[in-house]
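Visitor: One predicted model, sequence on top.
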Amino acid sequence: AQTVTQSQPEMSVQEAETVTLSCTYDTSENNYYLFWYKQPPSRQMILVIRQEAYKQQNATENRFSVNFQKAAKSFSLKISDSQLGDTAMYFCAFAPIRNNDMRFGAGTRLTVKP
Amino acid sequence: DAGVIQSPRHEVTEMGQEVTLRCKPISGHDYLFWYRQTMMRGLELLIYFNNNVPIDDSGMPEDRFSAKMPNASFSTLKIQPSEPRDSAVYFCASSFGTGREKLFFGSGTQLSVL
């Protein structure tokens, strides 16, 4: 079974600064996808970014980028130029390609301070 | 499409009562998931269906929980009898295809068992 670990329950960052959220995972799968989801106070789960494990190039989406280290099974999220609207819970998730058994980490609560 | 629709948004019930949570996935999606979110345990996968067939229910806490998907456009999660420790936010999510596809989440049902 896959496990996803987020070791930072809470983090804070000043507006316009950069912050990195950590995620590690454990799996015996070779082919899989990794995700970061954002959950603002509205409770809605929103996909932030997705990484295909067979791609060496790190995914980027505007101010969001990942540092994917497959050998280390690490998948961190970097948020540049943090904005107040980035305040939310952030979940790292893993899904093997062969099925859709997506597993989530415990989440990191990020607060962006003005 | 209206997205994944869950009802009710909030449910308050007394211990011992039966609770039924409902979900309408996005039309055309062939995977449906039920997750439970608590402060202590984060997002837990309870069960998921593929083409209306339950694939993995190993996350269902105990026999008091049951889930059905009678057709491609409707699923229920039932708790009978409910207990205070079942209090949580229950999310339904759907997707099309295997693990490369992102999940589309509903807004969740906040369940409080008194």
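Guide: It's in. Fair warning: this is a prediction, and the values are worked out from it, not measured in the lab.

Visitor: Show me where chain B dips below the pLDDT cut-off.
Guide: By pLDDT under 70, the weakly predicted segments of chain B are B:1, B:98-100.

Visitor: Find the residue at the geometric middle of chain B.
Guide: The centroid of chain B falls nearest to B:W34 when counting by C-alpha atoms, centre = their mean (3.2 Å).

Visitor: Can you name the residues bridging to that residue?
Guide: Residues in a beta bridge with B:W34, per DSSP bridges, are B:I47, B:C92.

Visitor: who touches it in this structure?
Guide: B:23, B:45-48, B:67, B:75, B:77, B:90-92 (C-beta atoms under 8 Å, 6 or more residues apart in numbering or on different chains). Bear in mind the C-beta positions are built from the backbone N, C-alpha and C, glycine included.

Visitor: Buried among those residues? Make that a PyMOL selection.
Guide: In PyMOL, a selection of the buried entries from those looks like this (16 or more other C-beta atoms under 10 Å in any protein chain shown):
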select buried, chain B and resi 23+45+46+47+48+67+75+77+90+91+92
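
Visitor: Skip the chain neighbours and tell me the closest residue to B:L103.
Guide: Spatial nearest neighbour of B:L103, chain neighbours left out: B:A93 (4.2 Å); criterion: C-beta to C-beta, 6 or more residues apart in numbering or on different chains.

Visitor: Can you tell me how far the one you found is from B:E62?
Guide: Distance of B:A93 to B:E62, computed by C-beta to C-beta, to the nearest Å: 22 Å.

Visitor: Sounds good, over and out.
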